[in-house]
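>>> predicted coordinates and the sequence they were generated for:
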Amino acid sequence: MLGLIVGESSLPKFLIAKLIKNKKEFIILDLTKNNIYKKYNYSYSLKITQLGKAISILKKKNCKRVILIGKVIRPEISLLKFDRKTLLYLPRLYTAFKKGDGSILKEIIKIFKENKIKVINSMSFTPELVFEDKNINNTIVSDNDKKSIFKGINIIKSLSKFDIGQSVIVNNGYVLAIEGPEGTNETIKRSYLLAKKYNLKNKSILIKFPKKDQDLRVDLPTIGLETIKTCIKANIKGIAIKKSQNIMMDKNKIINLIKKNNFFITAL
């Protein structure tokens, strides 16, 4: 039996549909705000503070493998109420919490491993979502754009030790925005306001790369249709991602949209 610990976004829905199609048995531990997966058999609504309960359910249902998928909003830890078993792990989780989201995920993976539950990559069931192309739309990326892209990549690598976000937006070599806890789309919107404030004439580029030592089993960078739409509105002309280490949702819709808007996606 496979366990799915699911958050927000369309990615869990895609995975669930694929598992059902392939007649794979699974249970769902639903962390979404409105418990949107309650319609499925063997679905359990949980809060982020109920790690102990999650482990108990997984063991009871003989789930030796689990997938963590979808976005969970990082809460204010001082306001949380934990179940009894989670309190045993609290010192470790609190230390990880102070370091960043990546550290929290790594600590949770360790805790599952101690309970003989293996965290696996969802992409083993949905390999078609992994972006394997070198580029889309064949738009020419100028030498100046390449310099901006490599600057963004180096910034992400340099900041990895601080567990900061996966995205940087660069405008003609000028760093406009680095992703914080608000997520990629809000970072894109912020970059647009800054570009207007400083009257920048050139279009920007979004660089979205995994951090150094990022655990790609649970934290694979994702590009979706909404991200592309937000980029176009924010006067961004292209996205640079890492080949085979990014997920792309709604690929056909994305291809149609970027061709209409002379937008590029390139993988390095």
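Good, I have the coordinates. Residues are numbered from 1 along each chain as shown.

>>> send the alpha carbons of stretch 145-155 over as CSV?
Extracted in CSV, the C-alpha atoms of stretch 145-155 (Å, rounded to 0.1, in the frame of the first residue of the first chain):
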residue,chain,number,x,y,z
ASP,A,145,20.5,36.9,-21.6
LYS,A,146,22.8,33.9,-21.0
LYS,A,147,24.9,36.1,-18.7
SER,A,148,21.8,37.0,-16.7
ILE,A,149,20.8,33.4,-16.5
PHE,A,150,24.1,32.2,-15.2
LYS,A,151,24.2,35.0,-12.7
GLY,A,152,20.8,33.8,-11.4
ILE,A,153,22.0,30.2,-11.2
ASN,A,154,25.1,31.3,-9.3
ILE,A,155,23.0,33.3,-6.9
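
>>> which residues does that stretch contact?
For stretch 145-155, the external contacting residues (CB atoms under 8 Å, 6 or more residues apart in numbering) are 141, 168-173, 175, 178, 205, 207, 209, 237-238, 240, 266, 268. The way it works is simple: take the backbone N, C-alpha and C, and place the C-beta from them, glycine included.

>>> what does stretch 221-236 give?
9-11, 131, 166, 169, 184-185, 188-189, 191-192, 195, 203-206, 208-210, 239, 241-242, 245-250, 253-254, 257-258, 261, 263, 265.

>>> from the residues you listed, list the buried ones, please.
Buried by 16 or more other CB atoms under 10 Å: 9, 11, 131, 166, 169, 184-185, 188, 191-192, 195, 203-206, 208-210, 239, 241-242, 246-250, 254, 257-258, 263, 265, out of the contacts of stretch 221-236.

>>> go through these and flag which are in strands.
Under the assignment DSSP state E, these contribute Ile169, Ser204, Ile205, Leu206, Lys208, Ile239, Ile241, Ile247, Met248, Ile265 to strands.
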